[in-house]
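*Asks:* Fold the following, please.
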Amino acid sequence: MLYPLFSCLRLPKLSYTREYSFELSGVEVRFSVPPMSSKWGSQRQFQDVFNLYNEDDYVRKDDPTPYIRCYITDWDVKGIPFFQEAKGTVPLYVSVSHWKGGGNLLRPRDMEAALTDINETEYADDQKCDKSVMTLLNWTPVIINGQEWLSYKTEEEAGSTTHQFLWVMPVSDQHFLMFSFPTRAYNLRPEVLEAMKNFCTQIMQSVHITFPDWVLRLKAEAQEKWPDEQYSQTKEPLRWLREDPPPMRFDEASYNARHGITEDSTEVETDDSDVEEKSKM
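*Replies:* Sure, this is the predicted structure:
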């Protein structure tokens, strides 16, 4: 059984997992996840090998950060059995992005700057995002199976049901791997959000990255050039507060001018028979 039977909040059992793997120009990525459980879609199939330097593999090739979709799945979060109560969803998007903004992503300072620029490009005041956003929340460098990741959260609007948990790691001087969980909770009780976060965190504990020789050489060169440089242990969150748009007001004078309406043309023509009929009433 994919879900525990007796529980008020039920996420898929992590004992029911299957291992997935793919390669990014020799960088091996392995992780284990439960089968897809969402009734709203079907499990997508992706190729096993990607070329980091083949532009045809990327989506939005003209963007500063084009990306390759490596794996996508989705799980429902359920409530009390037999009532089919929905508590939310936990999607997983695994992608690798090509950063064109300069610098060396194997240098911690440049990787941090790239993530800051990417979030500003997506959420800043002059962008299309129309929601209040807080990102780079709970910034933490973490070690998972011998490799260092950057972990943080993004929230849309105060009290939003969407909380995106992200883990990011550079896999070359120009590319970074991202595991993104844009969770949606229909009930914002702290225990629901915490259970979702723990589920995502446990999945990340299954992620193993094996680097080929060419990446190990790049990492060694970066370490020699910037010895002992570390990621920031904390980072000031980025915030963009969207104000509600002013209410629409009807401007009668402007409307009349646009439609050629004058005072004379607004008088209602009345049929003489109607006037005579009303006078008898």
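
*Asks:* can you pull out the strands in this protein?
*Replies:* Using DSSP state E, the strands of the chain run over 18-24, 27-33, 49-50, 67-78, 86-98, 133-144, 147-156, 162-170, 175-185, 208-210, 238-240.

*Asks:* out of those, nearest to Arg217?
*Replies:* Nearest to Arg217 among those is strand 27-33; the distance by C-beta to C-beta comes to 13.2 Å. All C-beta spots, glycine's among them, are computed from the backbone N, C-alpha and C.

*Asks:* what distance separates that closest one from the middle of the whole chain?
*Replies:* 20 Å (C-alpha atoms, centre = their mean, to the nearest Å).

*Asks:* Which residues does that strand contact?
*Replies:* For strand 27-33, the surrounding residues in contact (C-beta atoms under 8 Å, 6 or more residues apart in numbering) are 17-23, 52, 70, 73, 92, 94, 171-172, 177, 179, 203-204, 206-212, 215.

*Asks:* what's the spacing between Pro91 and Lys131?
*Replies:* Distance of Pro91 to Lys131, computed by C-beta to C-beta, to the nearest Å: 18 Å.

*Asks:* So the two - more neighbours on which side?
*Replies:* Pro91 (17 against 13; other C-beta atoms under 10 Å).

*Asks:* what sits against that one?
*Replies:* Taking C-beta under 8 Å, 6+ apart, one finds Ser38, Ile72, Thr73, Asp74, Trp75, Phe181, Pro182, Thr183 in contact with Pro91.

*Asks:* Return the set of residues that bridge with it.
*Replies:* Going by DSSP bridges, Pro91 is paired in beta bridges with Asp74.

*Asks:* ok, it to Val59 distance?
*Replies:* Distance from Pro91 to Val59, by C-beta to C-beta: 17 Å.

*Asks:* returning to what we had before: now the buried members of the contacts of strand 27-33.
*Replies:* When the contacts of strand 27-33 are checked for burial by 16 or more other C-beta atoms under 10 Å, the buried set is 17, 20, 22-23, 52, 70, 73, 92, 94, 171-172, 177, 179, 203-204, 206-209, 211, 215.

*Asks:* Now for the contacts of Pro91: which two are most distant?
*Replies:* Ile72 and Thr183 (14.5 Å).

*Asks:* Among the contacts of Pro91, find the one with the greatest number of neighbours, please.
*Replies:* Trp75 (25 neighbours).

*Asks:* That residue contacts Pro12, correct?
*Replies:* Yes. Using C-beta atoms under 8 Å, Trp75 makes contact with Pro12 at a distance of 5.3 Å.

*Asks:* Return every residue with contacts to both of the two.
*Replies:* In contact with both Trp75 and Pro12: Pro34, Ser37, using C-beta under 8 Å, 6+ apart.

*Asks:* Distance from stretch 145-159 to the middle of the chain?
*Replies:* Worked out by C-alpha atoms, centre = their mean, stretch 145-159 lies 10 Å from the chain centre.
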